[in-house]
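Student: Please find the sequence and the predicted model below.
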Amino acid sequence: MIRRPPRSTLSSSSAASDVYKRQFIVLILVVVFIHEYGHYYFAKRYGVGVTDFSIGFGKELIGWNDKSGTRWKICWIPLGGYVKFFGDRNVFSQADQEELLKKYNKEDQEKLFVTKPLYQRSLIVAGGPIANFVLAIFIFLFIYMFAGKDFTPAVIDEVQKDSPAEVAGMQKNDVILEIDNNKVESILDVSKLILMSTSEIVDFKISRYDQEVLLKVKPKIVAGVDNLGNKINKRIVGIKLSPYNNEINHKRLGPANALIESVKEVYFVTTSSLKYMGSMLTGSGDSSQLGGPIRIAKISGQVAEFGILPFISMMAYISISLGLINLFPIPLLDGGHLMFYAFEKVLGKPLSQKTQEGFFRIGMFLLLTLMFFATFNDLKDLGLF
């Protein structure tokens, strides 16, 4: 006999699920809109006609036409979006240039994407990822100017017995200056840099009695949970940190310094993500941490419970990821188009439609494989496998 949970439990679970869905949709709508607007902005700047600006795929839920004839719409599958240009055969900006030139008069030809110079087409395609990076910089700029940034030195308060840190020679009152050549500006940076390191051996630069010491630590990998209760594989070195003299150094930054710190954060996340993806390709990375829409939906709802700042911080990180992934040289993604333009520059002419379509099939297979793998990890994280 299966005992039915009390009604209050069902209602609470359903309410939590609804919250997760709402936060996920808000996050996706903003990040995808900014990405697609990057394409739209450069397209309009160079006189390319835009017939559709869609957030989501599938059946249209709501939409309207602007004065220039662009259909702005929101569709029922909120897992991406697209900008369709005048004359394109589909949302992947495929078109046969010779056929289009015969089909349209000279005035309409000026609005065709395929007739634009190579550098303009490249900027239009790269506009989406550029917009994502700009959004992340703007979010961090806002946070650092109005909420502040922590600059509390990372002082080791305790080294656990027989831990990797003790084996490496770390001592109480050591000040951590760098981890894997990344400057430690705050006590909050330490766990982040250790977690995001892809090296088997983590390099520490510490200050001890006004002298700099280099230490190599091999973290232990243990199954655990993060601050939100999600399962992760933790890299443990065995130290406890505390603020120097129990003084917290958290301050708001001026516009110039906030901008510098914002760019540095975006650069760090980008390079760390590339290293992580590279480690997965070589087999040394932890592929179980790769997640998809389900994990994003879950975490976005959890983070939103802590307030607006953590939520918009996560939006910045998702925006960076979206911009970076779209630059990969995979057909169907923006990076795939840029790859085609590189071939065009070298060959002196575009690849044939047949060749491009062959690449698109390969790209579709790669993306579906990646989505399947990420979704499998998400379902396993939920305990369904």
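Tutor: Perfect, I can see it now. Numbers count the residues shown, from 1 in each chain.

Student: tell me which element the residue positioned nearest the centre of the chain is part of?
Tutor: Computing the C-alpha centroid of the chain and ranking residues by Cα atoms, centre = their mean puts Ser321 first, at 1.5 Å. Ser321 belongs to helix 308-326 when assigned by DSSP states H and E.

Student: And that helix, what's buried?
Tutor: Using 16 or more other Cβ atoms under 10 Å as the test for burial, helix 308-326 gives 311-326. C-betas here are computed from N, CA, C, even on glycine.

Student: one step back: could you check the distance from the residue nearest to the centre of the chain over to Ile260?
Tutor: Going from Ser321 to Ile260 by Cβ to Cβ, to the nearest Å gives 22 Å.

Student: wait, is Arg136 part of a strand?
Tutor: For residue 136 the amino acid is Ala, not Arg. No. If the criterion is DSSP: H, G, I helix; E, B strand; the rest coil, then Ala136 is helix and not within a strand.

Student: for it, what are its contacts?
Tutor: Ser262, Glu265, Val266, Val269, Ala316, Tyr317, Ser319, Ile320, Gly323 (Cβ atoms under 8 Å, 6 or more residues apart in numbering).

Student: and the last one, what pLDDT?
Tutor: Looking at Gly323, its pLDDT stands at 94.

Student: Spatially nearest residue to it (excluding sequence neighbours)?
Tutor: Asn132 (3.0 Å; Cβ to Cβ, 6 or more residues apart in numbering).

Student: SS state for that neighbour?
Tutor: Under three-state DSSP, Asn132 comes out as helix.

Student: mind listing the helices for the stretch 1-150 of the chain?
Tutor: 7-45, 97-103, 106-109, 118-146 (DSSP state H, counting those that start in this stretch).

Student: Packed most tightly, which of these would that be?
Tutor: For those, the largest average neighbour count (mean count of other Cβ atoms under 10 Å) is found in helix 118-146, namely a mean of 21.

Student: follow-up on the earlier one: out of the contacts of Ala136, who's nearest Arg121?
Tutor: Gly323 (18.5 Å; Cβ to Cβ).

Student: Contact partners for Asp66?
Tutor: Trp72.

Student: To clarify, my last question referred to Thr270.
Tutor: Here Thr270 is in contact with Phe133, Ile320, Leu324 (criterion: Cβ under 8 Å, 6+ apart).

Student: coming back round to it: tell me the one of the buried residues of helix 308-326 nearest Phe86?
Tutor: Asn326 (22.1 Å).

Student: re earlier: so which of the contacts of Thr270 would you say is closest to Lys192?
Tutor: When these are compared against Lys192 (criterion: Cβ to Cβ), the nearest one is Ile320, at 14.3 Å.

Student: tell me the contacts of that closest one?
Tutor: Per Cβ under 8 Å, 6+ apart, neighbours of Ile320: Asn132, Phe133, Ala136, Val266, Val269, Thr270, Ser273.

Student: Give the residue spans of the chain that score low on pLDDT.
Tutor: Applying pLDDT under 70 to the chain picks out residues 1-21, 89-101, 224-231, 283-306, 371-385.

Student: mind listing the strands for it?
Tutor: 50-65, 71-85, 149-150, 154-159, 175-179, 182-183, 202-208, 211-217, 220-225, 231-236, 239-242, 250-251 (DSSP state E).

Student: Pairing partners for the fifth one, with directions?
Tutor: Within its sheet, strand 175-179 is paired with strand 154-159 (antiparallel), strand 182-183 (antiparallel), strand 202-208 (antiparallel), according to DSSP bridges.

Student: ok and it relative to strand 211-217, angle-wise?
Tutor: Put simply, strand 175-179 runs at 60 degrees to strand 211-217, going by axes from the mean of the first three to the mean of the last three Cα atoms, to 10 degrees.

Student: what sits up against strand 175-179?
Tutor: With Cβ under 8 Å, 6+ apart, strand 175-179 has contacts from 153-156, 183-184, 189-190, 193-194, 197, 202-208, 212, 241, 244.

Student: got TSV for the strands of the chain, with distance to Lys106 and mean neighbour count too?
Tutor: As requested, these are exported to TSV (distance: least, Cβ to Cβ, whole Å; neighbours: other Cβ atoms under 10 Å):
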stretch	distance to Lys106	mean neighbour count
strand 50-65	19	15
strand 71-85	18	18
strand 149-150	55	18
strand 154-159	65	18
strand 175-179	60	19
strand 182-183	55	16
strand 202-208	62	19
strand 211-217	67	14
strand 220-225	64	11
strand 231-236	59	15
strand 239-242	68	16
strand 250-251	60	12
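
Student: Mind putting those into CSV with distance to Gly336?
Tutor: Below are these laid out as CSV (distance: least, Cβ to Cβ, whole Å):
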stretch, distance to Gly336
strand 50-65, 18
strand 71-85, 14
strand 149-150, 37
strand 154-159, 42
strand 175-179, 35
strand 182-183, 31
strand 202-208, 35
strand 211-217, 40
strand 220-225, 35
strand 231-236, 31
strand 239-242, 44
strand 250-251, 43
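
Student: looking at those strands, which is closest to Phe360?
Tutor: strand 71-85 (14.2 Å).

Student: that older thread, ok, which of the strands of the chain comes nearest His39?
Tutor: Comparing these by Cβ to Cβ, strand 71-85 comes nearest, at 4.4 Å.

Student: who touches Tyr41 in this structure?
Tutor: Gly127, Ala131.

Student: repeat that with 10 Å
Tutor: Val83, Leu123, Ile124, Gly127, Gly128, Ile130, Ala131 (Cβ atoms under 10 Å, 6 or more residues apart in numbering).

Student: Identify, from the residues you listed, the entry nearest to Tyr46.
Tutor: Among those, and counting by Cβ to Cβ, the member closest to Tyr46 is Ile124, at 6.6 Å.
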